[in-house]
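Q: Predicted model follows, preceded by the sequence.
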Amino acid sequence: MLKADEVKITKVILKSSFEMWLSNIEVDVVIVGAGPSGLTCGRYLAKNGYKTLILERHLAFGGGTWGGGMGFPYIVIEPPANEILEECGVKLKEMEGYYVADSVEVPAKLACKAIDDGAKILTGVVVEDLIVRDHEVNGVVINSYAIERAGLHIDPLAIKSKVVVDATGHEANVVNILIRKNKLKLNLEGERSMWAEKGENELLENTKEVYPNLFVCGMAANAVFGGHRMGAIFGGMYLSGKKCAELIMEKLKL
């Protein structure tokens, strides 16, 4: 017979939660956004020994991958990005010079591999501000996404980190917060209309450190620097995440 004690269930959830939070209030890297580039960046950082925390405002990771192209459950990846997904055990089908992948399988396996390699993913957490000291980003200010949605005025908590990554996609939320809160004269150009080939290559060019200790990757990078959107081809997203991890590792050099 199964046993279920309501008090013990509550106790173990709360105890586990507090232990988890206490072990993650100081990390090497906070990645904001658990989409394709954020998960990829987090996986490579964690795999190489960096304490990595990935924060996602929604209850599901994967960003826009789940819906595939216009609700059809497939995405397209071009070489050499297929190698990144193959490392995660994603099944790929070669078609007309591209690779096609199941849009549900990809984020599931990418997230599982990131977790297995040591990254921590937290959902339902929103970044509402940054810790900025002496013109450097030193961490993030967080709150519950449910609290934000309810419009409640409840003070946030903070996580200290050596680096923050904006992987929030088209909105580039973190960079927007930095500019607005600190009255910076950085020019956030916004993404341009679709040009898949150009946009894919711009992703890699635009993946970089935009402010001391703040990096951008994925569509956030194109949104910041005025790159084009690409639609349902995702190779540049994974390569951008990998490049971002490499840039961060070069900066931190454990």
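A: On my side now, so go ahead.

Q: what's near enough to touch the closest residue in space to residue 36 that isn't next to it in sequence?
A: Leaving out its chain neighbours, the residue that sits closest to residue 36 by Cβ to Cβ, 6 or more residues apart in numbering is residue 237, at 4.0 Å. No exception for glycine: its C-beta is placed from N, CA and C like everyone else's. Neighbour list for residue 237: 35-37, 40, 203, 218-219 [criterion: Cβ atoms under 8 Å, 6 or more residues apart in numbering].

Q: Return the subset of the residues you listed lying in helices.
A: The members of the contacts of residue 237 that map onto helices under DSSP state H are 36-37, 40, 203, 219.

Q: how far away is residue 186 from residue 207?
A: 16 Å (Cβ to Cβ, to the nearest Å).

Q: correct me, but residue 165 touches residue 41?
A: Yes - using Cβ atoms under 8 Å, residue 165 makes contact with residue 41 at a distance of 6.0 Å.

Q: what touches both of these two?
A: 31, 217, 244, 248.

Q: Between residue 186 and residue 207, point out the one with more neighbours.
A: Taking other Cβ atoms under 10 Å, residue 186 and residue 207 do not tie; residue 207 has more neighbours (29 against 12).

Q: Would you map the helices across the stretch 1-150 of the chain?
A: 6-22, 36-47, 82-87, 105-116, 145-150 (DSSP state H, counting those that start in this stretch).

Q: can you dump the C-alpha coordinates of the longest one into PDB?
A: So the one you mean is helix 6-22. Taking Å, rounded to 0.1, in the frame of the first residue of the first chain, the C-alpha atoms of helix 6-22 are listed here in PDB:
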ATOM      1  CA  GLU A   6       0.700  15.500   4.000                       C
ATOM      2  CA  VAL A   7       3.000  17.100   6.600                       C
ATOM      3  CA  LYS A   8       6.000  15.100   5.600                       C
ATOM      4  CA  ILE A   9       5.400  15.800   1.900                       C
ATOM      5  CA  THR A  10       5.300  19.500   2.700                       C
ATOM      6  CA  LYS A  11       8.400  19.300   4.900                       C
ATOM      7  CA  VAL A  12      10.600  17.500   2.300                       C
ATOM      8  CA  ILE A  13       9.600  20.000  -0.400                       C
ATOM      9  CA  LEU A  14      10.300  23.000   1.700                       C
ATOM     10  CA  LYS A  15      13.600  21.600   3.100                       C
ATOM     11  CA  SER A  16      14.800  20.600  -0.400                       C
ATOM     12  CA  SER A  17      13.800  24.000  -1.800                       C
ATOM     13  CA  PHE A  18      15.700  26.000   0.900                       C
ATOM     14  CA  GLU A  19      18.800  23.800   0.500                       C
ATOM     15  CA  MET A  20      18.600  24.400  -3.300                       C
ATOM     16  CA  TRP A  21      18.200  28.200  -3.000                       C
ATOM     17  CA  LEU A  22      21.000  28.500  -0.500                       C
END
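
Q: Against residue 78, how distant is the closest residue to residue 65 other than its chain neighbours?
A: Among residues not flanking residue 65 along the chain, residue 107 sits closest, at 4.7 Å (Cβ to Cβ, 6+ apart). Separation of residue 107 from residue 78 (Cβ to Cβ) stands at 18 Å.
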